[in-house]
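Trainee: sequence first, predicted coordinates after that:
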Amino acid sequence: MKKLFVLFFIWIAAINVVYSQDVPVSGDITTNTTWTSDKTYMLVGIVRVQSGASLTIQPGTKIYGQNSTQGSLVVKPGGKIYAEGTKENPIVFTSEFTKSGSTRQPTYGDWGGIIILGNAPINVPGGTAAIEGPGDTYGGNNPDDNSGIMKYVRIEYPGIAYSLNNEINGLTLGGVGRGTKLEYIQVSYSGDDSFEFFGGTVNAKYLIAYRGWDDDFDTDFGYNGKLQFLLSVRDPQIADQSQSNGFESDNDGSGSTNSPRTGPTYYNVTMIGPAATTTTQYNSLYRRGMHLRRSSQNKIYNALIMGWPDGLLIDGTNTVADAKAGVTFLKNSIIAGSVLGNLKSTDAAFQTDMPAWFTGHGGRTFTTNADVKLADPFNVANPNPMPLAGSPVFTGAATPPADGFFDVTGNFVGAFGTVNWASGWSSLSFATSVKEDYNNEIIPPSFELSQNYPNPFNPTTNIRFALPQASNVKLSVYNVLGQQVAQLINDYKEAGSYTINWNATNIASGIYIYRIEAAGQVITKKMTLLR
């Protein structure tokens with residue numbers, strides 16, 4: 001028994017040592033402050049970066065939100081945050097229950113979240129408002145206001161309710177100006193919205209909303225920024241009592257036409273909903289991939305909306321009128337796998353016209369999600385939204401404008417083309433797809449091709465094929481000169497589907513030929529491996 005008590009106290013002491021390593025942070029930050037990667041930090045209650053002060057966070061730094069005090073970080077108007085991680089060393093804000101020695105598992109809403117407030121315009125009468133949650137004031141008349149930088153940052157398990165319909169989101173942006181830089185940010189397991197923009201003009205790229213509770217991207221109070229390369233992935237079982245959407249956009253809560261009108265411009269969005277198929281069981285509180293309502297004026301290009309109950313809902317007199325006039329639109333986009341309907345409106349006449357309105361803007365619909373040919377988008381634990389060979393996302397897209405913000409290479413539908421921009425820094429781990437240049441094309445044994453180096457390629461690549469019947473199979477990979485560099489499969493005896501994991505680390509990049517011998521037939525294909 002004595003030994004048990006000794007072991008118990010050693011265990012308690014070990015936990016205390018782990019927790020005591022954190023630097024507790026509370027109250028106001030009033031001078032320029034740096035958090036370094038050789039320490040971990042604990043947000044105790046609401047920590048505010050006051051006007052005139054800056055908070056710099058080194059790459060690789062980990063910050064915990066304390067659960068019992070609803071730890072949160074607020075950057076006040078005039079304050080700045082420089083949280084600039086790297087692809088290899090992202091900055092991570094997370095639950096204290098992710099710590100080694102924690103007695104419980106992390107979950108939604110374990111801590112508050114991050115709130116950045118600025119002096120850019122909002123449409124609330126008087127020009128300022130109190131932010132949801134802690135109630136700090138934001139808004140002003142400077143569209144170029146600069147609140148700092150957030151780059152290569154993960155925000156995990158945030159999102160608490162201060163009271164009913166008064167919540168902190170994963171990342172809340174209130175009146176943030178376009179002098180602020182936001183890139184490569186993932187919000188995971190948020191207890192409310194993953195991202196919410198309350199007015200302002202800030203632009204952002206490479207955003208991931210992963211398994212949030214309420215909406216993925218919420219815009220209101222006159223937000224007028226630019227957004228490109230957005231991904232959201234939903235857990236079929238988790239949705240909010242207020243009803244969960246991918247996009248939810250309002251001019252304001254009453255649907256007024258107060259100026260500036262909410263009118264962000266988007267390019268390259270992928271919204272993976274809860275329904276992999278029409279028979280998938282999902283939470284009944286799920287609603288729409290995009291809910292555009294209350295006089296908002298969204299301009300959306302190259303969006304891919306998959307597996308939602310409703311693909312798109314245009315809601316309200318002013319929003320419908322703006323859609324008819326071409327002020328609000330969804331262009332060069334794809335809606336697939338909708339359980340209840342692709343296109344809906346609260347206006348009965350426009351509901352009838354919506355298919356023609358959508359196709360007139362270059363829109364396409366597909367009955368099933370499989371028709372879109374993404375690698376594995378509905379694998380909730382490890383989704384892979386990369387397009388496969390022959391995916392319709394590679395056609396029919398609009399080329400983004402060369403305006404200094406939008407990336408003009410985003411001339412595909414959805415958040416991903418051939419480049420996996422989530423690799424390395426995000427918590428998602430998925431393989432690059434293989435783009436097959438020739439499908440089922442027989443190439444003579446003595447072929448000759450010129451070398452091609454489109455991009456360095458991912459060291460591991462999956463090749464998938466199916467056998468229609470039991471047979472001996474041999475698969476070999478050849479480089480462009482015809483030299484055999486790897487024999488990956490030998491003598492599969494049974495019919496079925498197979499995936500070959502090919503590690504090509506030591507093989508030069510470029511075009512490769514692989515040869516499948518099955519059921520007495522030889523099929524040779526050419527593929528280009530891309531990052």
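Mentor: Done, it's in. Numbering: from 1, shown residues only.
Trainee: so for stretch 201-220, mean pLDDT?
Mentor: The average pLDDT within stretch 201-220 is 98.
Trainee: domain parsing of this structure, as residue ranges.
Mentor: Domain assignment for the chain by automatic domain parsing gives 22-394, 434-529.
Trainee: what's the most buried one of these?
Mentor: Neighbour counts (mean count of other C-beta atoms under 10 Å) averaged over each of those peak at domain 22-394, with a mean of 21. (Glycine included, C-beta is placed from N, CA and C.)
Trainee: and that domain, how far apart are its ends?
Mentor: Using C-alpha to C-alpha, to the nearest Å, one end of domain 22-394 lies 48 Å from the other.
Trainee: compare the domains of the chain and say which comes out lowest on pLDDT.
Mentor: Mean pLDDT is lowest for domain 434-529 among these, at a mean of 37.
Trainee: alpha carbons of the strand or helix carrying residue 219, as PDB, please.
Mentor: Element membership for residue 219, per DSSP states H and E: strand 217-220. Provided in PDB are the C-alpha atoms of strand 217-220 (Å, rounded to 0.1, in the frame of the first residue of the first chain):
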ATOM      1  CA  PHE A 217     -17.300  30.900 -42.800                       C
ATOM      2  CA  ASP A 218     -19.700  33.600 -41.400                       C
ATOM      3  CA  THR A 219     -19.700  37.100 -42.800                       C
ATOM      4  CA  ASP A 220     -21.800  40.100 -41.800                       C
END
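Trainee: hang on, isn't residue 157 packed against residue 108?
Mentor: Yes: Residue 157 lies in contact with residue 108 (C-beta atoms under 8 Å); the separation is 6.5 Å.
Trainee: shared neighbours of those two, which are they?
Mentor: Counting by C-beta atoms under 8 Å, 6 or more residues apart in numbering, the contacts common to residue 157 and residue 108 are 189-191.
Trainee: ok, so of those, who is nearest residue 354?
Mentor: Nearest to residue 354 among the shared contacts of residue 157 and residue 108, counting by C-beta to C-beta, is residue 190 at 31.1 Å.
Trainee: report the separation between residue 266 and residue 80.
Mentor: Shown here: residue 266 relative to residue 80, a distance of 26 Å by C-beta to C-beta, to the nearest Å.
Trainee: contacting residues for the residue positioned nearest the centre of the chain?
Mentor: Closest residue to the average C-alpha location of the chain: residue 208 at 2.0 Å, with C-alpha atoms, centre = their mean. Taking C-beta under 8 Å, 6+ apart, we find residue 208 in contact with 185-188, 230-233, 422, 426, 428.
Trainee: same deal with residue 408?
Mentor: By C-beta under 8 Å, 6+ apart, the residues touching residue 408 are 399-402.
Trainee: for the stretch 201-350 of the chain, what spans make up the helices?
Mentor: 317-325, 348-360 (DSSP state H, counting those that start in this stretch).
Trainee: quick one: those as CSV, columns for distance to residue 254 too.
Mentor: Shown next, in CSV, are the helices of the stretch 201-350 of the chain (distance: least, C-beta to C-beta, whole Å):
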stretch, distance to residue 254
helix 317-325, 11
helix 348-360, 22
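Trainee: returning to what we had before: contacts for the strand holding residue 219?
Mentor: With C-beta under 8 Å, 6+ apart as the test, strand 217-220 has contacts from 169, 193-199, 207, 209, 227, 230, 232, 246-253, 262, 264, 294, 296, 298.
Trainee: next one, pLDDT for residue 430 please.
Mentor: Residue 430 is assigned 84 on the pLDDT scale.
Trainee: what are the phi and psi angles of residue 394?
Mentor: When read as degrees, to the nearest 10, the backbone of residue 394 gives phi -80, psi 0.
Trainee: if you could redo that for residue 387, that was the one I meant.
Mentor: Residue torsions, per degrees, to the nearest 10, at residue 387 are phi -70, psi 150.
Trainee: where does the closest residue to it other than its chain neighbours land in three-state SS?
Mentor: Distances taken as C-beta to C-beta, 6 or more residues apart in numbering place residue 393 nearest to residue 387, at 4.8 Å, with adjacent residues excluded. Three-state call for residue 393 (DSSP: H, G, I helix; E, B strand; the rest coil): helix.
Trainee: how long is stretch 96-111 from one end to the other?
Mentor: Stretch 96-111 has an end-to-end distance of 8 Å (criterion: C-alpha to C-alpha).
Trainee: which outside residues touch it?
Mentor: The contact list for stretch 96-111 (C-beta under 8 Å, 6+ apart) reads 14-15, 18-19, 42-43, 64-67, 70-72, 94-95, 156-161, 189-192, 213, 238.
Trainee: in strands only, show me those.
Mentor: 42-43, 64-65, 72, 94-95, 156, 161 (DSSP state E).
Trainee: which one, of the domains of the chain, ends up nearest to residue 411?
Mentor: domain 22-394 (7.9 Å).
Trainee: starting at the chain centroid, how far to that closest one?
Mentor: Centroid separation between domain 22-394 and its chain, computed with C-alpha atoms, centre = their mean, to the nearest Å, is 9 Å.
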